[in-house]
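Participant: Below are the sequence and a predicted model for it; my questions follow.
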2 protein chains.
Amino acid sequence: MTSPSSPSGKSVPRQVTVRAPGTVANIVCGYDVLGLALHRPFDEVSVALNDTGEVSLTVDGDRGMLPRDTEANVASAVIKRFLEQTGQTEIGAQVHLRKQMPLNSGMGSSSASAVAALIAINHLTGNQFSRKELLPLATEGERIACGNAHADNVAPALLGGVVLVRSHTPLDVKKLPCPDHLQVAVVHPHIDVPTRESRKILKPRIPLPEAVTQWGNVAGLTAGFCTGDTALIGRSMTDVIFEPVRSMLIPGFYDMKRISQKCGALGFGISGSGPSVFALCESVETAEAITAQLTEFLRKAGIDSDAFVSGINMNGAEVLSEG
Amino acid sequence: MTSPSSPSGKSVPRQVTVRAPGTVANIVCGYDVLGLALHRPFDEVSVALNDTGEVSLTVDGDRGMLPRDTEANVASAVIKRFLEQTGQTEIGAQVHLRKQMPLNSGMGSSSASAVAALIAINHLTGNQFSRKELLPLATEGERIACGNAHADNVAPALLGGVVLVRSHTPLDVKKLPCPDHLQVAVVHPHIDVPTRESRKILKPRIPLPEAVTQWGNVAGLTAGFCTGDTALIGRSMTDVIFEPVRSMLIPGFYDMKRISQKCGALGFGISGSGPSVFALCESVETAEAITAQLTEFLRKAGIDSDAFVSGINMNGAEVLSEG
């Protein structure tokens, strides 16, 4: 059995392990259009090519929660789509998803799996597609996993950094410059808020003045990242539309916001559709103080949680090993 | 009679002439939050201090259209507010407004007058306030002139360049970096669309998906300016909320849009609340071709117009002469 060749003529590996990071979608005001990549938590996907012409799947770390059907599990499903769309259905692949991220956490768990799987299969078939070119398939993975084909988690997981999704139809994303010292404190309370539910409680129409306030903040946040104006980033991390509704599903949300602000966070809000919350900070010390205090606050309220402190991951998913 | 002294001890002049530029508010998608400054057209305001303790006003160039009452005319009104708020009511001022901009054009005519007047009186009283500090008073001038205290014309007229008004309450503005080769073609059809009417036809609530589309574009436009990505600027100059409604008041709007796009405009839309339209271009030649073709298009439709080609004015209002 010979390895397939890449366009450059170099031989390509037969198996690879890829790590893709968790992400914070929305970044408070940028509902459906902004997201950033973390270093941790993350998922890992290993893919080994074979000659069966079939995609098979194993999963660990999910306590049996994720589907094992290769059409329903996002990691295997996007690999099947990739092979179909590129006309490589003769290729077989053994996919192993090492689930390390909590499910339904609001940290882009399904996106991380989809992105890791796509980077892996693209790597094993000669890296014919750029990361931006993989984005539509990754977004399709998001639709498979949670019913909505949104790119605000998959785009930063793929590209790294802070990513603007200007448009979904057609997909148009821009990786924004951003200050390199920012730290993110993420706290995941162990309560159940499925993404579908969290989207359902949003109102279908919004008052024009609130919309104007929101796009002023979205533009402010964008300008803050692009120009390194951290004070502007902080002032712009205000959500007048979704937070007042979605925060009702997160016990103690406004207490946690006050605690974070008191610790010196630039801004605080819901990560994606929750229940995780996050604070953007200018130092590791501030971020660690916030995770410690929020975890303790939740513990006193009888709610378990896990917490992460991470810089912004400027590279996104990474190939860990190949062979 | 001695001249007042500035904080630095330098003597300050007794009279000054200030030019303030027209502005393009919204820049298509950034309703109420984005604006840019032109070099032309512009208004000029001359102010001479005296000892009467009164503010008096003369106006030329407006064909008698603007109020002569010093409380109602924006140029004298903001000077009165300035002297009241700074406790300098013993100062008298002879204000002369040399109106050069068309009224109700959508190019920020009232803002230009307000800003020129404020820069003049600030200059004559020792430049105690930065331009940003003058912004609330200039915005108050906008309320006097057109009933709405919006800053998306006054902020670029004061500060120059492309300006984001992140928030009106409190006022929070950010001058954005922007590519220095951009040219603006503005065409002002001689039809009557008062700002008040143009705001009135807007719906009070908007569908959430349209709002998301709009803030994706507002963020894209902001990122495009900040990073010099002119293609992104062009793709982001799309307004799914206001243009479909306001364009009905502008005869031939979509024809003019097609003409501009065919000429190579990055983007095209309504300037402020209209009836002026503008195109953002990457060269003087493109901008001049657009003004020529649009002017001819309107002429054939029996509509007179005037047109301007201008780079983005990075400095805003300027002091022309003093004595």
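Facilitator: Yep, that arrived. Numbering: from 1, shown residues only, chains lettered A, B, ... in the order given.
Participant: can you give me the mean pLDDT across the biggest helix by length in chain A?
Facilitator: Using DSSP state H to define each element, chain A has its longest helix at helix A:208-227. With pLDDT averaged residue by residue, helix A:208-227 scores 97.
Participant: Now do the buried residues in that helix.
Facilitator: A:208, A:210-227 (16 or more other C-beta atoms under 10 Å in any protein chain shown). C-beta: built from backbone N, CA, C; applies to glycine.
Participant: what's the answer for stretch A:292-301, then?
Facilitator: Within stretch A:292-301, the residues scored as buried using 16+ other C-beta under 10 Å are A:293, A:294, A:295, A:297, A:298.
Participant: Dump that stretch to CSV, keeping only the CA atoms.
Facilitator: Coordinates of each C-alpha in stretch A:292-301 appear next as CSV, following Å, rounded to 0.1, in the frame of the first residue of the first chain:
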residue,chain,number,x,y,z
ALA,A,292,-11.3,31.1,41.6
GLN,A,293,-14.0,33.5,42.8
LEU,A,294,-16.7,32.4,40.3
THR,A,295,-16.0,28.7,41.0
GLU,A,296,-16.4,29.4,44.7
PHE,A,297,-19.5,31.5,44.2
LEU,A,298,-21.1,28.6,42.2
ARG,A,299,-20.0,26.0,44.8
LYS,A,300,-21.7,28.0,47.5
ALA,A,301,-24.9,27.9,45.4
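Participant: can you list the residues that contact that stretch?
Facilitator: Contacts to stretch A:292-301, defined as C-beta atoms under 8 Å, 6 or more residues apart in numbering or on different chains, come from residues A:185, A:187, A:189, A:251-252, A:255-256, A:259-260, A:263, A:277, A:304-305, A:307.
Participant: Relative to the whole chain's centre, how far out is the top strand by length along chain A?
Facilitator: For chain A, the strand reaching the highest residue count under DSSP state E is reported as strand A:34-50. How far strand A:34-50 lies from its chain's middle: 9 Å, per C-alpha atoms, centre = their mean, to the nearest Å.
Participant: again with stretch A:200-217
Facilitator: Mean C-alpha position of stretch A:200-217 versus that of the full chain (C-alpha atoms, centre = their mean) differs by 23 Å.
Participant: And the contacts of stretch A:292-301, which two are furthest apart?
Facilitator: Across these, the longest distance by C-beta to C-beta is 21.3 Å; it joins A:263 and A:304.
Participant: between the two, who's got more neighbours?
Facilitator: residue A:263 (21 against 11; other C-beta atoms under 10 Å in any protein chain shown).
Participant: Surely residue A:230 touches residue A:221?
Facilitator: No: using C-beta atoms under 8 Å, residue A:230 is not in contact with residue A:221, being 11.1 Å away.
Participant: Buried residues in the helix or strand following the longest helix of chain A, which are they?
Facilitator: Counting by DSSP states H and E, the next helix or strand C-terminal to helix A:208-227 is helix A:230-236. For helix A:230-236, burial by neighbour count (16+ other C-beta under 10 Å) applies to A:230, A:232, A:233, A:234, A:235, A:236.
Participant: For residue A:26, give its distance to residue A:86.
Facilitator: Residue A:26 is 32 Å from residue A:86, where distance means C-beta to C-beta, to the nearest Å.
Participant: ok, which stretches of chain A are strands?
Facilitator: Taking DSSP E as the criterion, chain A carries its strands at A:15-25, A:34-50, A:55-60, A:92-98, A:162-168, A:171-176, A:183-189, A:205-207, A:267-270, A:277-281, A:305-311, A:318-322.
Participant: quick one: the fourth one to chain centroid distance?
Facilitator: Between the mean C-alpha point of strand A:92-98 and the mean C-alpha point of its chain there is a distance of 21 Å (C-alpha atoms, centre = their mean).
Participant: Please name every helix or strand in contact with that strand.
Facilitator: strand A:34-50, strand A:55-60, helix A:74-85, helix A:109-124 (3 or more C-beta pairs under 8 Å, 6 or more residues apart in numbering or on different chains; DSSP states H and E).
Participant: avg pLDDT for the last one?
Facilitator: Read it as helix A:109-124. 97.
Participant: Would you mind listing what in the stretch 101-250 of chain A touches chain B?
Facilitator: Neighbours of chain B within the stretch 101-250 of chain A, by C-beta under 8 Å from any C-beta of the partner chain: A:164-168, A:172, A:174, A:176-177, A:202-208, A:211-223, A:226-227, A:229, A:232, A:235-236, A:241.
Participant: got the angle between the longest helix of chain A and strand B:171-176?
Facilitator: When axes from the mean of the first three to the mean of the last three C-alpha atoms, to 10 degrees is applied, the directions of helix A:208-227 and strand B:171-176 differ by 40 degrees.
Participant: tell me the angle of helix A:208-227 relative to strand B:34-50?
Facilitator: Going by the same axes, to 10 degrees, helix A:208-227 makes 90 degrees with strand B:34-50.
Participant: what's the angle from helix A:208-227 to strand A:277-281?
Facilitator: Using the same axes, to 10 degrees: helix A:208-227 against strand A:277-281 is 50 degrees.
Participant: Mind giving me the packing neighbours of helix A:208-227?
Facilitator: Packing partners of helix A:208-227 (3+ C-beta pairs under 8 Å, 6+ apart): strand A:34-50, strand A:171-176, helix A:230-236, strand B:162-168, strand B:171-176, strand B:205-207, helix B:208-227.
Participant: out of everything not next to it in sequence, what's closest to whichever residue of the stretch 51-200 of chain A sits closest to chain B?
Facilitator: In the stretch 51-200 of chain A, the residue that lies nearest chain B is residue A:166 (3.7 Å; C-beta to the nearest C-beta). In space, and not counting its chain neighbours, residue A:166 is closest to residue B:220: 3.7 Å by C-beta to C-beta, 6 or more residues apart in numbering or on different chains.
Participant: Phi, psi for the residue in the stretch 1-150 of chain A that chain B sits nearest to please.
Facilitator: Nearest to chain B in the stretch 1-150 of chain A, going by C-beta to the nearest C-beta, is residue A:33, at a distance of 4.4 Å. Per-residue torsions, residue A:33: phi -120, psi -20 (degrees, to the nearest 10).
Participant: what sits against it?
Facilitator: Contacts here follow C-beta under 8 Å, 6+ apart; on that basis residue A:33 touches A:152, A:164, A:165, A:166, A:218, B:212, B:215, B:216, B:219.
Participant: Just name the closest of the residues you listed to residue A:136, please.
Facilitator: Of all those, residue A:165 has the smallest distance to residue A:136: 12.0 Å, by C-beta to C-beta.
Participant: count of neighbours near that closest one?
Facilitator: 28.
Participant: Equivalent analysis for residue A:284, please.
Facilitator: Counted with other C-beta under 10 Å, the neighbours of residue A:284 add up to 14.
Participant: Also residue A:50?
Facilitator: The local packing of residue A:50 (other C-beta under 10 Å) involves 15 other residues.
Participant: residues touching the closest residue to it other than its chain neighbours, list them.
Facilitator: Spatially, and ignoring its direct neighbours in sequence, residue A:50 is nearest to residue A:92 (4.3 Å; C-beta to C-beta, 6+ apart). If a contact means C-beta under 8 Å, 6+ apart, then residue A:92 has A:49, A:50, A:51, A:52, A:53, A:54, A:55, A:56 as its contacts.
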